[in-house]
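Peer 1: predicted structure and sequence below. I'll ask about it afterward.
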Amino acid sequence: MASNSVAYKCPNCSAPLDFKPGTQKITCDYCGTELDAAALEDLFAKKEAMAAEAADKQDEKWDTKVAGGDWTAEEAAAFKTFVCESCGAEIVADGNTMATECCYCGHAVMIPQRFDGMLRPDYIIPFKKTKEEAKAALKEFYDGKWLLPSLFKSQNRIEAIQAMYVPFWLFDSDVDAYATFKAEKVRVYETSDEQVTETSHYRCLRSGSMSFAKIPVDGSEKMADDYMESIEPFDYSEMVPFSNAYMTGFLADKYDVDAETSAPRADTRVRQSAIDVLTETVEGFDSCSCEEATVKKQAGNVVYAMAPVWIVTTRYEGQPYTFMMNGQTGKVVGSLPYDQKKSLFYAALAFAVTLPIVYYVAKFILSLC
Amino acid sequence: MKKLMIHLALAVVCIAMVLGSAAPVMAAAQQAQVEQKAARPAKPETVGPVVDQAKILTQAQVGKLTEKIKAVEEKHQVKIGIYIMQSLPAGMVAGKMANNVLDKYYANGQNGSIVLLLAMGSRDWYISTDNTMRQRIVDGVGIDGLKEMFLEDLSDGNYAESFGAFVDGVDKYLAYYEETGEPYDPAEEFSWVAAVVAVLVALVFGWGFREYLISCMSNVAPAAEASAYLKQGSFQLAQSHDNYLYTTVTRVAKSKDNDSSSSSSDSSHGGGGGKF
């Protein structure tokens, strides 16, 4: 005998619901949630329609072929590459630059080689911050760090700061986003002998489209992604078409992660931001959480750009420490070493200050019980 | 015969005159005696330290408790009474009754007097103190601290243990006062529970503060989103549906206020009481 039931999942516990069309209320056999049949039918109809629409749209691929161009013979002749014997980093500089040490590992010897071709950048963000400004910003970065070892500051070779153009892929994308949210409205009221909390549960469906412009992802494997993302943002209004004139006197890193490989990093960030944008449209509820989301890229474009970064690599107790400054905005990022003894001293100080306060507060609370 | 009659008449007149002149003097003397008696503190009627009208204690328990009370009385030169009634007189509150019992049976302790009165019918308890004892066992924190020592046993029906704890408490409070010159305040006593809580919280705070300082040493963090690169005005909301699913209701019973503390303190009595 053919069954006339339709299988749905309970919105509360995801258990299968035995929904008989024509009935008004459905009760989940597993969690006991009572649902309005009409509302459930409507919810799943909209959800199915949205899923079908999302499935129809294909996720476009990034158009990475347009990123970068070819060097002219003159430009190619003006550059030289340096390969660090210590860490293997391949760095590009104009013919006049004599690097004295590797900006990644601080190794002193580098051998000039013939420039080997690479994609010509589309854009470049010129350096705005001078070496003096970079040094001042780094000194300021050290200030107020209670756990900074005294020796680190006194022995730090801040003079060894170097300017470098870092390769970045800039991703443009238009996306369609679909998401369902679980939302709640809470009403609390009191009767003469009870406090009553009524929680109304809703399922909210949202879809929309949006565009992102120039999401930067660094194209250098040696540059840690988290460092490069930490010095964001860059002011793209000052970005200009690439000219090798801007490279004079600066080192430049040669990209070793192509746009195709860098794209997932941009996709992850776009997806999260798209969900955030849709979440902001779920209004009038006391709480809201995303249950599921689909983000489809409708168009994606990539350009290749060089971004200015000041870099200091120094060593302390055998460990390398790298600090970077956005050469355009002056934002400094880095991880400083900390003094274990100082950290334990401050922990003990906090313990000693907190102990009597908490003791008397706890004693007072206990006396009220 | 006539002479005899005259002598008798004279004698009667003389007696009458003597009595007439002596009456005001006697009345005045009587009045003075009453006034003198009123001016002197009333001498309390004599009862034992434990009066058990409700018969909740055995003779052995009364004897043991009496011994204990007498020892404490002698040690601190005070008067202690435990007065157990079946029920309070009509219209009388426990505090007032306890004050009356103290004045009637336990007044004039050299270093003060204290009475614990119980009314079994209405399950009232009340501690009454005179002004001297009030300096040693103060109203409020002092009585509350004393209450904590015996009330649980009292509520559980462990009467002998409860009264023993009351006497021990009085002993402890008085000993503290004699040693320090200050009334005992339980709030000033070292609390192991509060100490353990404080050590744990302070450890977590100290370690958390250390972790915070360590985290300040680095500002490197991966970017999880790209909201800074969203084109202004590019967002178009295509669909927006809110579907009501169901409502859950939770009910929490309000806590009843069980604090039935009462006080019948006046200018010559202190103390406090409640229900057990």
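Peer 2: Now that the structure is in, tell me what you want to look at. Numbers count the residues shown, from 1 in each chain, chains lettered A, B, ... in the order given.
Peer 1: mind listing what's buried along the lengthiest strand in chain B?
Peer 2: Longest strand of chain B, by residue count under DSSP state E: strand B:236-253. Along strand B:236-253, these residues count as buried under the neighbour rule (16 or more other C-beta atoms under 10 Å in any protein chain shown): B:241-243, B:245-246. Any C-beta I mention is one placed from the backbone N, CA and C, and that applies to glycine too.
Peer 1: is it true that B:Asn131 touches B:Ser265?
Peer 2: No - checked against C-beta atoms under 8 Å, the pair B:Asn131 and B:Ser265 is beyond contact range at 10.3 Å.
Peer 1: with neighbour numbers in mind, choose between those two.
Peer 2: Neighbours were counted for B:Asn131 and for B:Ser265 using other C-beta atoms under 10 Å in any protein chain shown; B:Ser265 has more, 17 against 13.
Peer 1: surely the more buried one meets B:Ile143?
Peer 2: No - between B:Ser265 and B:Ile143 there is no contact under C-beta under 8 Å: 9.6 Å.
Peer 1: which residues are common contacts for the two?
Peer 2: Jointly contacting B:Ser265 and B:Ile143 under the rule C-beta atoms under 8 Å, 6 or more residues apart in numbering or on different chains are B:271-272.
Peer 1: helices and strands of the chain: which one has the lowest mean pLDDT?
Peer 2: No chain in the question, so chain A it is. In chain A, no helix or strand scores lower on mean pLDDT, DSSP states H and E than strand A:110-114, which sits at a mean of 44.
Peer 1: just the strands in the stretch 51-200 of chain A please.
Peer 2: For the stretch 51-200 of chain A, the strands defined by DSSP state E, counting those that start in this stretch occupy A:79-84, A:90-94, A:110-114, A:123-124, A:162-190, A:194-218.
Peer 1: now the following helix or strand past the last one, how far from the centre of its chain.
Peer 2: Think strand A:194-218. Along the chain past strand A:194-218, the next helix or strand (assigned with DSSP states H and E) turns out to be helix A:225-230. Distance, stretch centre to chain centre, for helix A:225-230: 8 Å (C-alpha atoms, centre = their mean, to the nearest Å).
Peer 1: residues of helix A:225-230 that come out buried?
Peer 2: A:225, A:227-230.
Peer 1: ok, now which ones touch B:Ala119?
Peer 2: B:85-88, B:94, B:97, B:125.
Peer 1: how close does B:Gln77 get to B:Ala187?
Peer 2: B:Gln77 sits at a distance of 27 Å from B:Ala187 (criterion: C-beta to C-beta, to the nearest Å).
Peer 1: what about the strands in chain B?
Peer 2: Taking DSSP E to define them, one finds strands in chain B at B:50-52, B:79-85, B:113-119, B:124-130, B:236-253, B:269-275.
Peer 1: including mean pLDDT, could the ones you listed go into TSV?
Peer 2: Output for the strands of chain B, formatted as TSV (pLDDT from 0 to 100):
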stretch	mean pLDDT
strand B:50-52	93
strand B:79-85	94
strand B:113-119	94
strand B:124-130	93
strand B:236-253	94
strand B:269-275	89
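Peer 1: can you redo the ones you listed as JSON lines with distance to A:Gly69?
Peer 2: Converted to JSON lines, the strands of chain B look like this (distance: least, C-beta to C-beta, whole Å):
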{"stretch": "strand B:50-52", "distance to A:Gly69": "108"}
{"stretch": "strand B:79-85", "distance to A:Gly69": "104"}
{"stretch": "strand B:113-119", "distance to A:Gly69": "100"}
{"stretch": "strand B:124-130", "distance to A:Gly69": "96"}
{"stretch": "strand B:236-253", "distance to A:Gly69": "34"}
{"stretch": "strand B:269-275", "distance to A:Gly69": "91"}
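Peer 1: can you report how many residues lie near the closest residue to A:Leu336 other than its chain neighbours?
Peer 2: In this structure, A:Leu336 finds its nearest non-sequential neighbour in B:Met217, 4.3 Å apart by C-beta to C-beta, 6 or more residues apart in numbering or on different chains. The number of residues packed near B:Met217 is 17, by other C-beta under 10 Å.
Peer 1: for the stretch 151-276 of chain B, give me the ranges with low pLDDT.
Peer 2: Residues of the stretch 151-276 of chain B meeting the criterion pLDDT under 70: B:255-262.
Peer 1: need the helices for it, in chain order.
Peer 2: For the stretch 151-276 of chain B, the helices defined by DSSP state H, counting those that start in this stretch occupy B:159-180, B:192-215.
Peer 1: okay, the ones you listed, which one's buried deepest?
Peer 2: helix B:159-180 (a mean of 19; mean count of other C-beta atoms under 10 Å in any protein chain shown).
Peer 1: what's next to that one, contact-wise?
Peer 2: B:50, B:56-57, B:61, B:64-65, B:68-69, B:72, B:75-76, B:78, B:80, B:82, B:111, B:114, B:116, B:135-137, B:142, B:145-146, B:149-154, B:182-184.
Peer 1: likewise stretch B:64-81?
Peer 2: In contact with stretch B:64-81 (C-beta under 8 Å, 6+ apart) are residues B:47-51, B:57, B:82, B:101-102, B:105-116, B:133, B:160, B:163-164, B:167, B:170-171, B:174-175, B:178.
Peer 1: any of these buried? List them.
Peer 2: Buried members of these, counted by 16+ other C-beta under 10 Å: B:49-51, B:57, B:82, B:101-102, B:105-107, B:109, B:111-116, B:133, B:160, B:163-164, B:167, B:170-171, B:174.
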